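Student: would you be able to build a 3D model of this:
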Amino acid sequence: MSAPGHAQLQKGITTRVPFVGCRSDGQLGPQRAPKVRHTPILPLDAAQQLAFYAASDGLGVLAPRGWHCFGVYGSNGSGLVVTPEKLVPGEFFKQHQFSTKGYGVELTYDYGGTSGRWAVAEAIARYFPRHRSFIQQNFQGLEVGPLPSGPYPHDSFARRTDTLVQYTTPPMAQGSGTVWVLAPSTEPVEGLSMLVNESDGPDLLRVNVRLPRAYRALAKTILGNAEHEVH
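Tutor: Alright, predicted model coming up:
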């Protein structure tokens, strides 16, 4: 019987990914990057390529090691951006907010009990019709403008439940993957939108991923961990 190969020996081994703290800015001013945070345990092959990025306010997200991150926050919720290029904080607060056609991982978390309810209502109108009572309860008598009647026409879906939708926005298309920092480009965006049942919610978690070809298989791990983080 031959001895097991190196790949076989590594299979089944797990390890904790490293942590990267991210600076952030928002309603209460600039915040320093946190130094320590609990991080996910992943299979060795994925853990060797990923790190866990988080700001002092908000959730964290997996992204390729060696990338750069910045967070924003306010009464409506928080957001985190991770890209291969260094990020300039001031670009997030200009009239025309920072966007990129390059690679990146972005996470947003909107509070249903505050001004973040606008984003929650739009997501419900697109994907989660069984939760339309939230719109009726929170916007009755208000001029909110027309809400969407369904998903973006070019998006395709891998999973869809009463509280979660996982989608792909194709190249050069406007969709759920290109509504914040990741602008339409020649490569697709994979993402998820998820209602999180909080007492004054529901809240809305969104994660979008556009990765270089060498990292593209890691999108499933990144999205799966994001879903796990809020359970």
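Student: what sits against the residue nearest the centre of the chain?
Tutor: Centroid-nearest residue in the chain: residue 207, 1.9 Å away (criterion: C-alpha atoms, centre = their mean). Residues in contact with residue 207 (C-beta atoms under 8 Å, 6 or more residues apart in numbering) are 61, 105-107, 191-192, 222-223, 226. Every C-beta, even on glycine, is put in place using the N, C-alpha and C of the backbone.
Student: how about a cut-off of 10 Å?
Tutor: Contacts for residue 207 (C-beta atoms under 10 Å, 6 or more residues apart in numbering) come out as 59, 61-62, 80, 105-109, 166, 177, 190-194, 219, 222-223, 225-227, 229.
Student: ok, now residue 109?
Tutor: With contact taken as C-beta under 10 Å, 6+ apart, residue 109 is in contact with 57-59, 73, 76-80, 116, 119, 194, 196, 203-207, 230.
Student: which stretches of the protein form helices?
Tutor: 6-10, 44-47, 117-127, 133-139, 219-229 (DSSP state H).
Student: for those helices, which one sits closest to residue 154?
Tutor: Comparison of those against residue 154 by C-beta to C-beta identifies helix 117-127 as nearest, at 13.2 Å.
Student: which residue packs closest to residue 76, ignoring adjacent ones?
Tutor: residue 116 (3.9 Å; C-beta to C-beta, 6 or more residues apart in numbering).
Student: measure that neighbour to residue 58 for me?
Tutor: Distance, residue 116 to residue 58, by C-beta to C-beta, to the nearest Å: 12 Å.
Student: what do you get for residue 92?
Tutor: For residue 92 relative to residue 58 (C-beta to C-beta), the value is 14 Å.
Student: next one: residue 51
Tutor: From residue 51 across to residue 58, the span is 16 Å (C-beta to C-beta).
Student: this protein: strands as residue ranges?
Tutor: 14-16, 19-22, 24-26, 41-43, 50-55, 60-64, 68-74, 77-83, 104-110, 156-160, 164-169, 189-196, 203-210 (DSSP state E).
Student: could you dump these to TSV with distance to residue 135?
Tutor: Output for the strands of the chain, formatted as TSV (distance: least, C-beta to C-beta, whole Å):
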stretch	distance to residue 135
strand 14-16	41
strand 19-22	33
strand 24-26	26
strand 41-43	38
strand 50-55	30
strand 60-64	28
strand 68-74	22
strand 77-83	18
strand 104-110	14
strand 156-160	19
strand 164-169	17
strand 189-196	13
strand 203-210	13
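Student: wait, which of the ones you listed is closest to residue 136?
Tutor: That would be strand 189-196 among the strands of the chain, by C-beta to C-beta, at 15.8 Å.
Student: parallel or antiparallel, list what pairs with the closest one.
Tutor: strand 164-169 (antiparallel), strand 203-210 (antiparallel) (DSSP bridges).
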